[in-house]
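[1] Build me a model from this:
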Amino acid sequence: MLLPKLYIREVTRLSVNINKVALMRNARGGNLPDLIQIAKDCEQFGAEGITVHPRPDERHIRYADIAPLKAVVETELNMEGNPTEPFLDLVLENLPDQATLVPDLPDALTSDTGWDTVKHSSLLRDIIDRLHEKHIRVSLFVDAVPEMVAGAKEVGADRIEFYSGKYAEAFLTDSADAIRPHVESAQVANDLHIGINAGHDLNLKNLRFYKQHIPYLIEVSIGHALISDALYFGLQNTIQMYLYQLRD
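    You can find the predicted model right below:
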């Protein structure tokens with residue numbers, strides 16, 4: 001049976017996470033590099049979305065950055081974060097195209113685990129309902145586990161974002177074994193008609209393999225590796241290099 005067109009994409013979108021740009025700016029104060037200009041440049045260079053993950057300590061993206069970014073982003077603005085009340089207030093005030101809910105602790109260095117969508121079903125359902133009232137698409141950050149994908153569908157999420165950190169680590173020694181749980185979980189997502197995003201430690205070495213094995217992959221969100229590569233190749237070239245990996 002064919003899936004609805006919503007979930008059929010020949011081309012996977014690249015959303016650039018600009019947290020590391022904000023981290024560099026904050027290290028010296030002032031406005032260098034200019035986060036807003038970087039977001040505009042990323043889009044001009046081919047990015048199909050901008051991702052930000054404001055944390056409570058504002059060590060990179062600041063809450064005050066969101067409204068100016070919302071005003072200039074012309075593709076899609078994706079706001080990631082733990083759905084605390086301050087984060088939800090920020091989302092509901094600025095109305096991004098997508099909110100990606102992540103269960104990380106306030107002092108987490110980076111997001112490294114997905115939701116237990118069964119255990120936290122009541123909490124997630126209530127939050128998703130609130131965001132849907134404002135017509136915000138909701139993605140849940142999950143591990144590549146079929147039960148968690150099914151749980152995300154049950155609570156009303158529009159998409160799931162596979163945590164791909166474990167894949168990236170295992171890819172270095174056994175790519176087939178690394179991708180297997182993602183393929184199995186993606187099939188469940190496709191059967192349930194829930195959209196698939198992915199993000200974390202995807203890079204120029206492992207991205208094409210991931211894209212080729214995950215059917216109906218709508219979007220990848222990449223920040224750390226892409227910004228690091230830009231130090232060598234330049235931002236425009238780097239974005240084009242990542243887009244190339246996503247084109248079969």
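[2] Pull the contacting residues for residue 175.
    206, 209 (Cβ atoms under 8 Å, 6 or more residues apart in numbering). The C-beta positions use only the backbone N, C-alpha and C, and glycine is treated the same way.
[3] repeat that with 7 Å
    residue 209 (Cβ atoms under 7 Å, 6 or more residues apart in numbering).
[4] per-residue confidence for it?
    Note on residue 175: pLDDT of 98.
[5] just residue 11 next, same as before
    86.
[6] tell me the SS of it?
    coil (DSSP: H, G, I helix; E, B strand; the rest coil).
[7] Can you tell me how far it is from residue 237?
    Noted for residue 11: a distance of 20 Å to residue 237, by Cβ to Cβ, to the nearest Å.
[8] Just give me the neighbour total for residue 185.
    Residue 185 has 23 neighbours, counted by other Cβ atoms under 10 Å.
[9] host element of it?
    helix 175-192 (DSSP states H and E).
[10] Buried residues, that helix. List them.
    178-179, 181-182, 185-186, 188-190 (16 or more other Cβ atoms under 10 Å).
[11] Name the nearest residue to the residue nearest the centre of the chain, ignoring sequence neighbours.
    The centre of the chain sits closest to residue 221, judged by Cα atoms, centre = their mean, with a distance of 4.0 Å. Spatial nearest neighbour of residue 221, excluding adjacent residues (Cβ to Cβ, 6 or more residues apart in numbering): residue 199 at 3.7 Å.
[12] Same check on residue 105?
    residue 82 (7.6 Å).
[13] Run through the residues that contact that neighbour.
    Residue 82 neighbours (Cβ under 7 Å, 6+ apart): 102-104.
[14] Please repeat the previous calculation with a cut-off of 8 Å.
    101-106.
[15] I'd like to know how far it sits from residue 225.
    23 Å.
[16] same deal with residue 28?
    23 Å.
[17] So these two - more neighbours on which side?
    residue 225 (21 against 9).
[18] Might you report the residue contacts of that one?
    201-204.
[19] Can you show me the strands along the protein?
    13-17, 49-52, 77-81, 98-101, 137-142, 159-163, 195-199, 217-222 (DSSP state E).
[20] can I get those strands in TSV with distance to residue 71?
    Rendered in TSV, the data for those read as follows (distance: least, Cβ to Cβ, whole Å):
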stretch	distance to residue 71
strand 13-17	18
strand 49-52	12
strand 77-81	10
strand 98-101	17
strand 137-142	19
strand 159-163	25
strand 195-199	24
strand 217-222	21
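[21] who wins for proximity to residue 65 among those?
    Nearest to residue 65, of all the strands of the chain, is strand 49-52, at 7.0 Å by Cβ to Cβ.
[22] by contact count, what packs against that closest one?
    strand 13-17, helix 35-44, helix 66-72, strand 77-81, strand 217-222 (3 or more Cβ pairs under 8 Å, 6 or more residues apart in numbering; DSSP states H and E).
[23] What are the buried residues along the longest one?
    What it means is helix 35-44. For helix 35-44, by 16+ other Cβ under 10 Å, it's 35-36, 38-43.
[24] so residue 216 touches residue 198, yeah?
    No: Residue 216 is beyond contact range of residue 198, at 11.4 Å (criterion: Cβ atoms under 8 Å).
[25] so where is the chain shaky, pLDDT-wise?
    Confidence mapping of the chain against pLDDT under 70 gives the ranges 1-10, 106-112, 248.
[26] tell me the contacts of the nearest residue to residue 120 once chain neighbours are set aside?
    The shortest distance from residue 120 to any non-neighbouring residue, by Cβ to Cβ, 6+ apart, is to residue 103 (7.6 Å). Going by Cβ under 8 Å, 6+ apart, residue 103 touches 82, 113-116, 120, 141.
[27] Try it again at 10 Å.
    82-83, 111, 113-117, 120, 123-124, 140-142 (Cβ atoms under 10 Å, 6 or more residues apart in numbering).
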